[in-house]
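Student: Just a sequence and a predicted model for now, questions to come.
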Amino acid sequence: MKSWNRLAGAALAAAFLSLPAAAQEDAGAEDSPGAYVFHAAGCFGCHTAKDGEALAGGRALETPFGIFYSPNITPDAEHGIGDWSLEDFRRAMREGVSPEGETYYPSFPYDNFTRMSDADIAALYGYLMAQPASANAPPEHDLSFTFDMRSLLVVWRWLYFEPGPRPDDGLDPQLARGRYLADALTHCGACHTPRTALGGPDDDLYLAGSADGAEGDKVPNITPDKATGIGDWSEGDLLFLLKAGMMPDGDVVSGSMAEVVQESTRHYSDEDIAALIAWLRHIPAIDNKP
Amino acid sequence: MKVWHVAAPALAGLLLGTALTFAPAASQADQDTATIVHERQQLMKDFGSAMKTIGGYLQGGMGTTEDVAAAAGVIADGAATLPDHFPAGTSMDDVMDPKTGAKPVIWEQWDEFVADAQTLQARATTVQELAMAMDDAALGDAFQALGNDGCGGCHKTFREKLE
């Protein structure tokens, strides 16, 4: 027993000692920690236009507030984020502010990404910087009159934006991880939580579905409410949804959720699938039919 | 110019006559599109039942590998004919009764749509072959690929989920 412990300790130490070098070398590899964060956070979908170069931006996001065009996040110095430092990137993710000090619209879900750990932000930065650069220059946002004012963002931020990772709130580690996946990385609430008239999440209806999600789709209630949510789904049903996109009736998800499953949740580790399922079963059941 | 003015009423009359002549045929066409939509929705329901069968085996050990192979065969065979079920003029903007979730973009990106059907067929065939070989270990991943690349790959772009 003792020798096993010692061996395990040595192996573990070796693993940690070699980690920085390995991370640096393979930051862009598909099995790197950065790739894992990249998939879980679903960066690809919004930052890649149809038939466009990967991560080069320009995908239109039609919202009640106007049309947002995602920026280029490849390492191109002029049109992408190639000249950003890790601190610039951390500030964008954590505070929603560009290196030039400009505040982002919350179409970039930094109210979710602000909860990401420093380690995950750094890993993601490493991964993005190792991707091929593209000189694509996406169009400017095309917003309706009222919202075409960054000054309104001050109000929005004051009302809705709480920067930084959350304390664990006494949650057991699996639930805390599930909440982290749902809120900080995969940002389920960006679509599944309805928004107020000012575009902030309506926290009283956390994950209870939205009548006008991104791209005009109705988004279902995924709280454990039996009548209007997914309270009667088994854990196996949830597993199949997150891994294969299949719903209990054999139908397979469409539109944005097909993208989420294909690009994010199917890449989750088994532990993370279990954690997200645990979290979705733990949250309050809300009776809400969008 | 003058000739045109004289000709215009005649032309209008001709067009009107044409419209009247073809009016009964149009309602025939409506029936046909309704049948087409019904048939392809039944095909999708068959796919859904097949997915449930495969999922039930993987999840709870329900049924046998033969059931899984047969279900995957239903999807593979259906996928081979799938584009035939989507003739032009049967999008959600064209057919109101019954409601269809077939987005008009199908016909704008027809080659991609056909390629998606071929992917579906390929992924279903893989599941079928693994089931026949009773390779349970590989079946889970193949099922995931079927759901994501096969069904979801097409649904992502081309299908509007109806309520």
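Tutor: Cool, got the structure.
Student: Not counting sequence-adjacent ones, nearest residue to A:Leu86?
Tutor: A:Tyr125 (5.2 Å; CB to CB, 6 or more residues apart in numbering or on different chains). Yep, even glycine has a C-beta here, placed from its N, CA and C like the rest.
Student: quick one, what contacts the one you found?
Tutor: Contact partners of A:Tyr125, counting by CB atoms under 8 Å, 6 or more residues apart in numbering or on different chains, are A:Gly34, A:Leu86, A:Phe89, A:Arg90.
Student: Return the member of these nearest to chain B.
Tutor: A:Gly34 (22.3 Å; CB to the nearest CB).
Student: Which phi and psi values does the spatially closest residue to B:Ala79 that is not a sequence neighbour adopt?
Tutor: In this structure, B:Ala79 finds its nearest non-sequential neighbour in B:Gln121, 3.7 Å apart by CB to CB, 6+ apart. The phi and psi values for B:Gln121, taken as degrees, to the nearest 10, are phi -60, psi -40.
Student: quick one: whatever helix or strand A:Gly45 lives in to chain centroid distance?
Tutor: Using DSSP states H and E, A:Gly45 falls within helix A:43-47. Put simply, helix A:43-47 sits 10 Å off its chain's centre (CA atoms, centre = their mean, to the nearest Å).
Student: For it, which residues meet the burial criterion?
Tutor: Judged by neighbour count using 16 or more other CB atoms under 10 Å in any protein chain shown, the buried positions of helix A:43-47 are A:Cys43, A:Phe44, A:Gly45, A:Cys46, A:His47.
Student: okay if I get those as CSV plus pLDDT and distance to A:Asp26?
Tutor: Below are the buried residues of helix A:43-47 laid out as CSV (pLDDT from 0 to 100; distance: CB to CB, whole Å):
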residue, pLDDT, distance to A:Asp26
A:Cys43, 97, 18
A:Phe44, 96, 19
A:Gly45, 93, 24
A:Cys46, 94, 25
A:His47, 97, 22
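Student: Model confidence score at residue 90, please.
Tutor: Went with chain A since none was named. Here the pLDDT value assigned to A:Arg90 is 98.
Student: Please refer instead to chain B.
Tutor: With respect to pLDDT, B:Thr90 has a value of 96.
Student: Could you do A:Lys218 as well?
Tutor: On the pLDDT scale, A:Lys218 gets 89.
Student: from the buried residues of helix A:43-47, which is closest to A:Ile230?
Tutor: A:Gly45 (22.4 Å; CB to CB).
Student: The closest one and A:Glu259 touch, don't they?
Tutor: Yes: at 4.8 Å, A:Gly45 counts as touching A:Glu259 under the criterion of CB atoms under 8 Å.
Student: A:Ala41: what's it in contact with?
Tutor: By CB under 8 Å, 6+ apart, the contact list for A:Ala41 reads A:Phe113, A:Met116, A:Leu124, A:Leu185, A:Thr186, A:His187, A:Ser264.
Student: what's around the residue nearest to the first one when sequence neighbours are not counted, how many residues?
Tutor: By that I understand A:Phe113. The spatially closest residue to A:Phe113, leaving aside those adjacent along the chain, is A:Met93, at 4.6 Å (CB to CB, 6+ apart). A:Met93: 23 surrounding residues under other CB atoms under 10 Å in any protein chain shown.
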